[in-house]
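Peer 1: Show me how the following folds:
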Amino acid sequence: MRCQPVRGSDRQLTPLGTSGAGRERRRCRIAQRCALLGVHLALGVPVHSLVAELRSTQPPARSPTVKEIAEPALLQSEQRSIAMPPMAEHVSSEGRLKVLIIDDHALIREALHAVLRQLKRETLIFEASNSHQAMQIVEQHPDLKLVLLDINLPDRDGFSVLAELRERHATIAIIMLSGLDDQDQVKRAFSLGALGFIPKTTEREVMLHAIRLVLSGGIYIPSEILG
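Peer 2: Modelled structure (predicted):
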């Protein structure tokens, strides 16, 4: 497990408490957004309005995808094993955005780091290569704002992790990551409470806009799924 600060922040941090009223308001907002999306999906109605903001800001030029960024290095290092460093001790983290990346490929995690650095705000990025590490981090840092969760993990199905996170930590926004853009997977992810679904073939700039949309209270659905 690793905690890496961005924009010159300290490596060590301490979880901040969140007021009960604040957590309940955020829980209600997430539940309302998921319920709205569930109705649209159940009725088979296109939800173009949910991605109108994203489409209006997408850059015309194609940028590299996270998968493309990571693949060359993966080919060079496929024989090496990568150990996760221990969690740093905690100090104050007031005002910083906390994000957890859960993916068993270290170079995919590094590529996601590059995307998150473009948010232009102080961000503390945690990493986990499996669900066990991920749940430990979530328990230690219940003030996480965003989780990027891979569907395929070595020790557990990503959908079951999503369901547990949504049940136990309803205020955390969760975006699912997948090597595929299968419509059934997308529908299942949203039915379990995800607020976004990003294929790993998504261009980096589009992924950045998707993350910003979810952090601002929206829901991101890939345009390929909308048809």
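
Peer 1: what about this protein, any weak spots by pLDDT?
Peer 2: For the chain, the stretches with pLDDT under 70 are 1-94, 227.

Peer 1: Let me see the contact set for K98.
Peer 2: If a contact means C-beta atoms under 8 Å, 6 or more residues apart in numbering, then K98 has 123-124, 126, 141, 143-146 as its contacts. For the C-beta atoms, the positions are set from N, CA and C on the backbone; glycine is no exception.

Peer 1: wait, which of those is closest to D182?
Peer 2: Each of the contacts of K98 was scored against D182 by C-beta to C-beta, and L146 proved nearest at 23.0 Å.

Peer 1: What residues are bridge-paired with the closest one?
Peer 2: Applying DSSP bridges to L146 gives these bridge partners: V99, A173.

Peer 1: Compute the number of surrounding residues for it.
Peer 2: A count of nearby residues for L146, using other C-beta atoms under 10 Å, gives 22.

Peer 1: got a list of what it touches?
Peer 2: Going by C-beta under 8 Å, 6+ apart, L146 touches 97-100, 172-175, 211, 214-215.

Peer 1: likewise P199?
Peer 2: Going by C-beta under 8 Å, 6+ apart, P199 touches 177-181, 222, 224.

Peer 1: ok, now how distant is D104 from M135?
Peer 2: Taking C-beta to C-beta, to the nearest Å as the measure, D104 falls 15 Å from M135.

Peer 1: And V161, by the same measure?
Peer 2: Distance, V161 to M135, by C-beta to C-beta: 8 Å.

Peer 1: Those two: which has the busier surroundings?
Peer 2: A count of neighbours by other C-beta under 10 Å puts V161 above the other of V161 and M135, at 26 against 18.

Peer 1: neighbouring contacts of the helix or strand hosting the more buried one?
Peer 2: Using DSSP states H and E, V161 maps to helix 158-168. Here helix 158-168 makes contact (C-beta under 8 Å, 6+ apart) with 102, 131, 134-135, 138, 147, 149-153, 172, 174, 176, 188-189, 192-194.

Peer 1: could you flag which of those residues are buried?
Peer 2: Buried members of the contacts of helix 158-168, counted by 16 or more other C-beta atoms under 10 Å: 102, 131, 134-135, 138, 147, 149-151, 153, 172, 174, 176, 188-189, 192-194.

Peer 1: now the strands for this protein?
Peer 2: 2-5, 97-102, 123-128, 146-150, 173-178, 196-199 (DSSP state E).

Peer 1: contacting residues for K120?
Peer 2: With contacts defined as C-beta under 8 Å, 6+ apart, K120 has no neighbours.

Peer 1: Now tabulate the strands of the chain in JSON lines and tack on distance to L112.
Peer 2: Converted to JSON lines, these look like this (distance: least, C-beta to C-beta, whole Å):
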{"stretch": "strand 2-5", "distance to L112": "11"}
{"stretch": "strand 97-102", "distance to L112": "5"}
{"stretch": "strand 123-128", "distance to L112": "8"}
{"stretch": "strand 146-150", "distance to L112": "6"}
{"stretch": "strand 173-178", "distance to L112": "8"}
{"stretch": "strand 196-199", "distance to L112": "10"}
